[in-house]
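> Below are the sequence and a predicted model for it; my questions follow.
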Amino acid sequence: MEHAETPSLIEGEVLWDVVDEHLDEAEFALESWRRALHSPLYTLDELARGPEARLFAHVDALLIHGKSVAGRLLVPELEAPDDPVFERSVAAALVLLAAGRWDIVWRALSSEVAVVRAAAAEGLVLAGPPEVDKAIASQLDPGCVGPPPGLRATLLELAFRRGLDLPDLLGALGSIEPGEAAAAAMAARVGDPARYLPALEPLLDHPDPCARDAALITGLCLGSTPTWRHCLALAANPARPEPLAMLLVALLGGPEQHAILTGHLTRKTHCTAALAALAWTGQAAVVPTLLPWLASGNPAVARLASFAFANLTGVSTSERPYASRERAQEEDALPDLEDDDLDADLLPCPEDDLPLPDVEAIEAHWKRHGGKLDARQRILAGVPWTLAACFDQMEHASLYVRRRLGLWLLVRSGGAARITGRAWSSALRDQVIRARSLTPRALTRWFGGW
């Protein structure tokens, strides 16, 4: 995020109502940007032109007002917020970083307020200057008195996300502090399997879900057969759906493992997670299993079945004639009060933006063209699932698609492809450009049929 030199205004010239509005709008733009990173409605280009451009504009507007705004409005968001809001604190951190005051944001890493600590870390990952890297390395230097465990977890994650050399992680993997164990488990994916797997695999049963998920992904990156068996067991769990494990089984497994997912379709508790995963099996043989779910009375199920059909076949079910305009209009109507779930989570999830299907049009298309797909190889959007196809989708398809392909590429490359989900669009694009240097030989032969 670059900023031109602009003259700052003296305090008497500041229109505080306007300044407050800029911070409010920066908070909203950042929230929109974070949601867009997971969304089926945004590509990288649309992210850059939309939420990201709006966020940068409001950061620049706040930057113009200089020290008076920093002292009265921004610093309090990181030092003594009355009612801390994560996105607002991140926005304040971004303006301070753009103004060269990384020291204020750095101090906020030690805040007693968890929201502020997380916001400061996010700002430093997104926009921290090179001086931050030196400060992180100094704090993690084995020869120095280390930071307290809570801060050490944050510094380990910062070091990993900023691509810095990492200290030995064995001690952190065995930490009693869940955040430190989770950060170390994430960072270990670029480490030595022989050194880290014995300490990593016990974290697969860690009580903290972040530590468990990080250990699961890293164990697969490092080629751990026990981790793969654990992943299969999680995915097959009939008592509770495990969406991450189910997605990993779809991405990495073969038809035998994919049967675990189709078997879950009859379980009401598992159906949506199973459909979300089946989109990534790359198997044309899965499509007939999806078709009955297009007509589900549950909109979430119908949407996911439609997306899975599109992701496998390449048919754009987000547009007519394959998207149902009439059903979408009905879905937008408010429910009757007696039918409304007042206790439901009102925050939308990315899948809510997927289109509802026109069942007859999709079924007719499959009847006419389904036989043309090659059942002998994995497919992605109707073409053979190759590295080139993966890279093209990551650059041009939605960010919802990109995140899942990034997970596939991360694991199949053994962690060599440094794919992260939270970064400016330019950095996300650079990740793919760098990954294009990989060849098929760089992909590990995975356990399930690749």
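Cool, got the structure.

> mind listing what G223 touches?
193, 414, 444 (Cβ atoms under 8 Å, 6 or more residues apart in numbering). For every residue, glycine as well, the C-beta is placed using N, CA and C.

> these two touch, right, the second one and T444?
Yes: with contact defined as Cβ atoms under 8 Å, G414 and T444 form a contacting pair (5.2 Å).

> Pipe the contacts of G223 into TSV and attach distance to G421 per row.
Shown next, in TSV, are these (distance: Cβ to Cβ, whole Å):
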residue	distance to G421
P193	24
G414	19
T444	21
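
> just those residues now: which is nearest A61?
For these, the residue nearest A61 by Cβ to Cβ is G414; the value is 44.1 Å.

> quick one, phi psi at the closest one?
Per-residue torsions, G414: phi 60, psi 30 (degrees, to the nearest 10).

> Distance check, it against V113.
38 Å (Cβ to Cβ, to the nearest Å).

> try W280
38 Å.

> of the two, who's got more company?
W280 (28 against 16; other Cβ atoms under 10 Å).

> what secondary structure does the more buried one sit in?
coil (DSSP: H, G, I helix; E, B strand; the rest coil).

> Skipping adjacent residues, who's closest to it in space?
Nearest non-adjacent residue to W280, counting by Cβ to Cβ, 6 or more residues apart in numbering: A250, 4.2 Å away.

> Secondary structure element holding the one you found?
helix 243-252 (DSSP states H and E).

> packing partners for that helix?
In terms of contact count using 3 or more Cβ pairs under 8 Å, 6 or more residues apart in numbering; DSSP states H and E, helix 243-252 is assigned the packing partners helix 209-221, helix 225-236, helix 255-263, helix 271-278, helix 399-412.

> What residues sit buried inside the third one?
It stands for helix 255-263. With burial defined by 16 or more other Cβ atoms under 10 Å, the residues of helix 255-263 counted as buried are 257-258, 260-262.

> Can you give the contact residues for it?
Contacts for helix 255-263 (Cβ under 8 Å, 6+ apart): 232, 235-236, 246, 249-250, 274, 277-278, 281, 283, 285-286, 289, 448-449.

> Buried among those residues? Make that a PyMOL selection.
Per 16+ other Cβ under 10 Å, the buried members of the contacts of helix 255-263 correspond to this PyMOL selection:
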select buried, resi 232+235+236+246+249+250+274+277+278+281+283+286+289+448
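
> and which of the contacts of helix 255-263 is nearest to V383?
Taking the contacts of helix 255-263 together and measuring to V383 by Cβ to Cβ, the closest member is Q283, at 14.1 Å.

> Run through the residues that contact the closest one.
Applying Cβ under 8 Å, 6+ apart, the residues near Q283 are 255, 258, 312, 375, 378-379.

> Go through those and name the one with the lowest pLDDT.
On pLDDT alone, A375 ranks lowest of these, at 81.

> Backbone dihedrals for it, please?
Here A375 shows phi and psi, under degrees, to the nearest 10, equal to phi -80, psi 0.

> in the stretch 1-150 of the chain, which ranges drop under the pLDDT threshold?
1-14, 145 (pLDDT under 70).

> Contact partners for F28?
Taking Cβ under 8 Å, 6+ apart, one finds E87 in contact with F28.

> now the strand or helix carrying it and helix 399-412, what's the angle there?
F28 is located in helix 16-36, with elements delineated by DSSP H and E. Relative orientation of helix 16-36 versus helix 399-412 (axes from the mean of the first three to the mean of the last three Cα atoms, to 10 degrees): 60 degrees.

> Buried ones in helix 16-36, by neighbour count?
Buried, per 16+ other Cβ under 10 Å, within helix 16-36: 19, 22-23, 25-36.

> what do you get for stretch 395-408?
395, 397-408.

> hey, C-alpha coordinates of stretch 167-176 in PDB?
Below are the C-alpha coordinates for stretch 167-176, written out as PDB (Å, rounded to 0.1, in the frame of the first residue of the first chain):
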ATOM      1  CA  PRO A 167      13.600 -20.200  15.100                       C
ATOM      2  CA  ASP A 168      13.500 -23.800  16.100                       C
ATOM      3  CA  LEU A 169       9.900 -24.700  16.800                       C
ATOM      4  CA  LEU A 170      10.100 -27.800  19.000                       C
ATOM      5  CA  GLY A 171       9.600 -26.000  22.200                       C
ATOM      6  CA  ALA A 172       6.700 -24.000  20.800                       C
ATOM      7  CA  LEU A 173       5.000 -27.100  19.500                       C
ATOM      8  CA  GLY A 174       4.900 -28.500  23.000                       C
ATOM      9  CA  SER A 175       3.700 -25.300  24.600                       C
ATOM     10  CA  ILE A 176       0.900 -25.400  27.100                       C
END
